[in-house]
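# Next one to model:
(chains A and B)
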Amino acid sequence: MKRRAYLGTLGAAGAVGLSGCLGDLPVVGDGETALDPPDRSRGEPSHPVHGDEFPTFTLPDPHEGTDVSLADFEGERSYLLTFIYTSCTEDCGALTSLLQLVQEDAAEQGYDDDVALLAMTFDPETDDAEALREYGEQYGVNIEADNWHFLRPETNEEAMSLLNDEIGVPAQIGGHDHGEDDHDHEDDEQGHEDHDGHEDSDQEDGEQDHGDDDHGHEDDAHGDEETDDSEDDGDADDPEDVHYYIAFLVNEQGIVERSYPNATDGRDETRPRAIIDDVRTVVE
Amino acid sequence: MRRRNVLAGVASAGTLAGAGALAVYGLPSSGLDDGGEEPHHDPVEIETVEATGSEDGTQRVPAEGEVTFVDLFATTCSVCTKQMPELGEAYDRVGDDVTFISVTNEGEDQVSDDELADWWDEYDGRWQVGRDASSELIVHYGTATPIGILFDADGNVRWDEAGRKTSDEVVSRIEDALEDE
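Modelled structure (predicted):
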């Protein structure tokens, strides 16, 4: 799982801001994008945002029986990527539904060869090929289409490491941390979890209701204590699971065009209409 | 707003079982036509399903000249099932004064009409229920069901919100819209 070298991309993008960017931090704002930067800046989240290179990795597609490498999309397709697990009973399905709607639009509008829809499970121990198939069908996904891939890491540990460490998206399944590196990330996850709990706390059952709160979402992935809120009376269903509802739109050059944190909360910019428009702009 | 083709798109979608109809978005180059806080779009034709309180047919959303409350739901959505009693209460209180409809964008390959009717009975649905084969509503209002959408009699969106809602909230929103008629 090594992050691809930045130099190639930077060369193409005009070597802006080279200095000090070659460490582990994503390159900020130097990539070439079709979309303008988002209207609101949301601090410096732990995951890549507009203009950053998205980390490339390779994961099995359990239905095709092949490996899908993000690097292989370069020069070929843009992609919309999100993270799911099939046993999630809350509105996680909305993420899959979102990808399905984009798939439907792509087929209708004839850009289906220009975009890939990637749904990575981070609970592969539960989500075998059959579970993923059933889940996809439930949401009306065309699994057989060339542009759809479920991505299934070999183990939950690999999935956690990929999300928490490589991509910088907090994730946890089943009440204990599967990550390899508890110490570095425990704070992040705890912070996020608390914050999530807070955001959900005005809903009886902790279902999504982020609609009124359209600021500072991306800070969530920080686990920053300043944005943390000790109120934790939210998600009663399974407070141990951490699922950050995020999707990434990455262009053919492997650069993030848009990250959609809290992608299901009904803000105008994360409604499928807006995301479909973003995808269309990027593949044009 | 350049979505004048909605009805035509929906009409052609009727036979395409959910796959068609997405020509409704207008030209690919239309971009983000953000005309205000609430996205307005042209009416969508919902295919209603035979179930308790609902007949096989069509329902235009928003209904012409009437306040219209839409509950976007999915049979796979646990929050939607939990919200059904609240919706039922709201329906009993103000359902006669408005067009009140629950809409899923699940296709028949996902949930058949019979399964939908069974689900409807299980959760005491007793008003119109149908499908949005075009996915137009969910594309505009979000994927995180349940989503409540309230149109005034002129077809403008008065309120839309994802997440669980109480009957009181739904009723008071509807009453507000009725008062302004």
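# mind listing the strands in the chain by residue range?
Defaulting to chain A. Applying DSSP state E to chain A gives strands spanning A:58-61, A:66-69, A:78-84, A:115-121, A:148-151, A:171-172, A:242-243, A:246-250, A:256-261.
# could you do chain B instead?
Counting by DSSP E, the strands of chain B are B:44-48, B:57-61, B:68-73, B:99-104, B:128-131, B:147-151, B:157-162.
# Show me what the first one is packed against.
Meaning strand B:44-48. Using 3 or more Cβ pairs under 8 Å, 6 or more residues apart in numbering or on different chains; DSSP states H and E, the elements in contact with strand B:44-48 are helix B:6-13, strand B:57-61, strand B:99-104, strand B:128-131. Bear in mind the C-beta positions are built from the backbone N, C-alpha and C, glycine included.
# got the angle for it vs strand B:99-104?
Counting by axes from the mean of the first three to the mean of the last three Cα atoms, to 10 degrees, strand B:44-48 lies at 80 degrees to strand B:99-104.
# Wait, A:L118 touches A:L80, no?
Yes - using Cβ atoms under 8 Å, A:L118 is in contact with A:L80, at 6.9 Å.
# Show me what counts as buried in stretch B:156-167.
Across stretch B:156-167, burial judged by 16 or more other Cβ atoms under 10 Å in any protein chain shown covers B:157-165, B:167.
# now the closest residue to B:E50 other than its chain neighbours: how far from chain A?
What sits nearest to B:E50 in space, not counting adjacent residues and going by Cβ to Cβ, 6 or more residues apart in numbering or on different chains, is B:D56, at 4.3 Å. Remark: distance between B:D56 and chain A (Cβ to the nearest Cβ, to the nearest Å) = 22 Å.
# now do B:V67
In terms of Cβ to the nearest Cβ, B:V67 sits 21 Å off from chain A.
# Reformat the strands of chain B as CSV; add mean pLDDT.
Shown next, in CSV, are the strands of chain B (pLDDT from 0 to 100):
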stretch, mean pLDDT
strand B:44-48, 96
strand B:57-61, 97
strand B:68-73, 97
strand B:99-104, 98
strand B:128-131, 98
strand B:147-151, 96
strand B:157-162, 92
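# now the strands of chain A in TSV, with mean neighbour count, mean pLDDT and distance to chain B?
Output for the strands of chain A, formatted as TSV (neighbours: other Cβ atoms under 10 Å in any protein chain shown; pLDDT from 0 to 100; distance: least, Cβ to the nearest Cβ, whole Å):
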stretch	mean neighbour count	mean pLDDT	distance to chain B
strand A:58-61	18	96	22
strand A:66-69	13	95	24
strand A:78-84	24	97	11
strand A:115-121	25	97	13
strand A:148-151	24	98	14
strand A:171-172	26	89	19
strand A:242-243	24	86	13
strand A:246-250	26	96	11
strand A:256-261	24	94	11
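# Any chance of JSON lines for those strands, columns distance to B:L116?
Formatted as JSON lines, the strands of chain A follow (distance: least, Cβ to Cβ, whole Å):
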{"stretch": "strand A:58-61", "distance to B:L116": "32"}
{"stretch": "strand A:66-69", "distance to B:L116": "35"}
{"stretch": "strand A:78-84", "distance to B:L116": "24"}
{"stretch": "strand A:115-121", "distance to B:L116": "25"}
{"stretch": "strand A:148-151", "distance to B:L116": "25"}
{"stretch": "strand A:171-172", "distance to B:L116": "34"}
{"stretch": "strand A:242-243", "distance to B:L116": "28"}
{"stretch": "strand A:246-250", "distance to B:L116": "29"}
{"stretch": "strand A:256-261", "distance to B:L116": "30"}
